[in-house]
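*Asks:* would you be able to build a 3D model of this:
(chains A and B)
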Amino acid sequence: MTLKLCVLTPNRIVWDSEVKEIILSTNSGQIGVLPNHAPIATAIDIGILRIRLNDQWLTMALMGGFARIGNNEITVLVNDAEKSGDIDPQEAQQTLEIAEAALRKAEGKRQTIEANLALRRARTRVEAINAIS
Amino acid sequence: MWVSSKPSTLDSSSLSFRSSFINPLQIPSSNPSNSSKSSSSSVHCSLRELRNRIDSVTNTKKITEAMKLVAAAKVRRAQEAVVNARPFSETLVEVLYSINEQLQTEDVDVPLTSVRPVKKVALVVITGDRGLCGGFNNAILKKAEARIRELKTLGLEFTVISVGKKGNTYFLRRPYIPLDKYLDGSNLPTAKEAQAIADDVFSLFVSEEVDKVELLYTKFVSLVKSDPVIHTLLPLSPKGEICDINGICVDAAEDEFFRLTTKEGKLTVERDVVRTETMDFSPILQFEQDPVQILDALLPLYLNSQILRALQESLASELAARMTAMGNATDNAVELKKNLSRVYNRQRQAKITGEILEIVAGADALV
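*Replies:* Prediction:
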């Protein structure tokens, strides 16, 4: 029994094939999804998605969105998704540092909102690289 | 040199030659109909000048033709981008619909949908990066100016977010228009650019600096037609439509409301209405979180895909406009070249005839 996972971004289809198990970072914490999961709809936070293919774990950075699970099909709609292999570690680390600095300097409500978003995105990308196990 | 127009401006006015009997101070464009008709008869250049002119027109023709072909190829790529975005937007719309149905009865309060009395409006103006595309950039900037005047008469504050190089230079030269940010467009709009705009708009709206966000872009109708339109971006309504509750109608007359249709945004000329079969949305579907939270996660996605679609439509319109403009320029160049060649050949023939006459006359005199 397998699950069909489909990760969609506005640009392209990032993932569309069968998987054994996934772990999603939702707004209310991480959930694991195995075959024959009850149909649910959930919001996805900016966070990492872990996919199990047989015995291999893959990691993906998701930039917030939505997932629908049902009928052994998972549809994930996100703004942007990057596989951990596609992220340049140095660049990601640099972006994180820039984002942290920006948050410290941020003044006013608007800048804080912007900086916080950027920081969370940057942190997720770094996490996605380091999570390989 | 009697031919006065630059070879690079190949509109109808460039066909005008200033002939010797026309007042030399007259602007060439002021008499295009007259001179373009009589051009073949009124060109008085030396043969060498004519030859130079023919060469330069030929070169210009080559350039405009190449630009037209490049634009045509890019239109195709822009279409592909839209096709790639389709699975996403279709699924999104599907989900949003079904969640809306579940939320009909509840009172939702999501930051992106909050309708406040409008005091300040942000205008997102999407222009192109390059010129030589007919009236494309002018049309959208004129629309923006008209909207700004309207807002002024309504006594509302406004700020402009400009996307694209042409818009940036336009607004930079007009310091009296308050500008929030310049963003550069790119060759092919991606989710990253849309995200950058969405982030900006999002923070402006959520921090209550502005109460309404309008998107001005060029809608792609067909390869020969595109319309500058105003589109209300925020506040979103959870149902996907905007109704002005606050009483003051700030919307422009031709303001286009959000409507969750999947047939929008196709760049194909026929605007094909392929609707994927809607999967049966399981009635026993549970919401992991509060439905409001899920809506909160979905609406930014929707916002993004709206902006991305606007960017893509704008790009397609620009390319189509460039294709048409360059096609016209090529046609003009061909005609200009034809006329010039005729004049050239006639003059050459006249010269030869003259020379033969001289030789014959000389031979006669000797006998």
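*Asks:* is the residue positioned nearest the centre of chain A in a bridge, and if so with what?
*Replies:* The centre of chain A sits closest to A:Leu62, judged by C-alpha atoms, centre = their mean, with a distance of 2.2 Å. Note on A:Leu62: beta-bridge partners A:Gly47, A:Ala81, judged by DSSP bridges.
*Asks:* identify the residues contacting it.
*Replies:* A:7, A:25, A:44, A:46-49, A:76, A:78, A:80-81, A:124 (C-beta atoms under 8 Å, 6 or more residues apart in numbering or on different chains). Every residue, glycine included, has its C-beta placed from N, CA and C.
*Asks:* give me the lowest-pLDDT entry from the residues you listed.
*Replies:* Least confident of those in the model: A:Asp80, at 83.
*Asks:* quick check, nearest of the contacts of A:Leu62 to chain B?
*Replies:* Nearest to chain B out of these is A:Asp80 (C-beta to the nearest C-beta; 5.7 Å).
*Asks:* isn't that closest one up against A:Thr9?
*Replies:* Yes - using C-beta atoms under 8 Å, A:Asp80 makes contact with A:Thr9 at a distance of 5.6 Å.
*Asks:* okay, and the common contacts of those two?
*Replies:* By C-beta under 8 Å, 6+ apart, the residues touching both A:Asp80 and A:Thr9 are B:Ala191.
*Asks:* who has more neighbours, these two?
*Replies:* A:Thr9 (27 against 20; other C-beta atoms under 10 Å in any protein chain shown).
*Asks:* now do the contacts for the more buried one.
*Replies:* Here A:Thr9 is in contact with A:78-81, B:88, B:191 (C-beta under 8 Å, 6+ apart).
*Asks:* mind jotting down where the strands sit in chain A?
*Replies:* A:3-8, A:13-19, A:21-26, A:29-33, A:40-53, A:56-70, A:73-78, A:81-83 (DSSP state E).
*Asks:* quick one: buried residues of the longest one?
*Replies:* For strand A:56-70, the neighbour count (16 or more other C-beta atoms under 10 Å in any protein chain shown) marks A:58-70 as buried.
*Asks:* pull the contacting residues for the closest residue in space to B:Ile126 that isn't next to it in sequence.
*Replies:* What sits nearest to B:Ile126 in space, not counting adjacent residues and going by C-beta to C-beta, 6 or more residues apart in numbering or on different chains, is B:Tyr217, at 4.1 Å. Applying C-beta under 8 Å, 6+ apart to B:Tyr217 gives the contacts B:125-126, B:140, B:228-229, B:231, B:310-311, B:313-314.
*Asks:* what residues go with each domain of chain A?
*Replies:* Structural domains annotated on chain A: A:3-84, A:87-130, as defined by automatic domain parsing.
*Asks:* how about the residue of the stretch 1-150 of chain B at minimum distance from chain A, phi and psi?
*Replies:* The minimum distance from the stretch 1-150 of chain B to chain A, using C-beta to the nearest C-beta, falls at B:Phe88 (4.4 Å). Backbone torsions for B:Phe88, taken as degrees, to the nearest 10, come to phi -60, psi -50.
*Asks:* I'd like to know how far the closest residue in space to it that isn't next to it in sequence sits from B:Ser305.
*Replies:* Once flanking residues are discounted, B:Phe88 sits nearest to A:Leu8: 4.4 Å by C-beta to C-beta, 6+ apart. Distance, A:Leu8 to B:Ser305, using C-beta to C-beta, to the nearest Å: 10 Å.
*Asks:* with B:Asp364 instead?
*Replies:* For B:Asp364, the distance to B:Ser305 - C-beta to C-beta - is 87 Å.
*Asks:* try B:Gln289
*Replies:* From B:Gln289 to B:Ser305 the distance is 21 Å (C-beta to C-beta).
*Asks:* now do B:Leu215
*Replies:* From B:Leu215 to B:Ser305 the distance is 13 Å (C-beta to C-beta).
*Asks:* list the contacts of the helix or strand harbouring B:Ile140.
*Replies:* Following DSSP states H and E, the helix or strand that holds B:Ile140 is helix B:136-153. Applying C-beta under 8 Å, 6+ apart, the external contacts of helix B:136-153 come out as B:121, B:123, B:125-128, B:131, B:157-158, B:160, B:164, B:166-167, B:170, B:177, B:214, B:216-218, B:226, B:228, B:230, B:250, B:252, B:314, B:317-318, B:321-322.
*Asks:* which of the residues in that helix are buried?
*Replies:* Buried residues in helix B:136-153 (16+ other C-beta under 10 Å): B:136-137, B:139-141, B:143-144, B:147-148, B:151.
*Asks:* report the mean per-residue pLDDT for it.
*Replies:* 91.
*Asks:* which one of B:Asp364 and B:Ser305 has more residues nearby?
*Replies:* Higher neighbour count among B:Asp364 and B:Ser305: B:Ser305, with 23 against 8, using other C-beta under 10 Å.
*Asks:* and that one, what does it touch?
*Replies:* Here B:Ser305 is in contact with A:10, B:85, B:88-89, B:92, B:194 (criterion: C-beta under 8 Å, 6+ apart).
*Asks:* can you pick out the most distant pair from those residues?
*Replies:* Based on C-beta to C-beta, the longest span within the contacts of B:Ser305 runs between B:Leu92 and B:Ala194 and measures 13.5 Å.
*Asks:* residues contacting A:Pro35?
*Replies:* A:Pro35 touches A:1-3, A:20, A:72, counting by C-beta under 8 Å, 6+ apart.
*Asks:* just A:Glu18 next, same as before
*Replies:* Contacts of A:Glu18 by C-beta under 8 Å, 6+ apart are A:2-5.
*Asks:* where does the chain dip in pLDDT?
*Replies:* No chain specified, so I'll use chain A. The model of chain A has pLDDT under 70 over residues A:132-133.
*Asks:* ah, no, chain B please
*Replies:* B:1-44, B:100-110, B:185-186, B:236-285.
*Asks:* please indicate which of the contacts of A:Pro35 are buried?
*Replies:* A:3, A:20, A:72.
*Asks:* and which of the residues you listed is nearest chain B?
*Replies:* A:Asn72 (11.8 Å).
*Asks:* any idea how far the closest one lies from A:Glu18?
*Replies:* 10 Å.
*Asks:* which residues do these two both contact?
*Replies:* A:2-4.
*Asks:* among those residues, which are in reach of chain B?
*Replies:* With C-beta under 8 Å from any C-beta of the partner chain as the criterion, these include none near chain B.
*Asks:* quick one: contacts for B:Asp227?
*Replies:* Per C-beta under 8 Å, 6+ apart, neighbours of B:Asp227: B:218-219, B:221.
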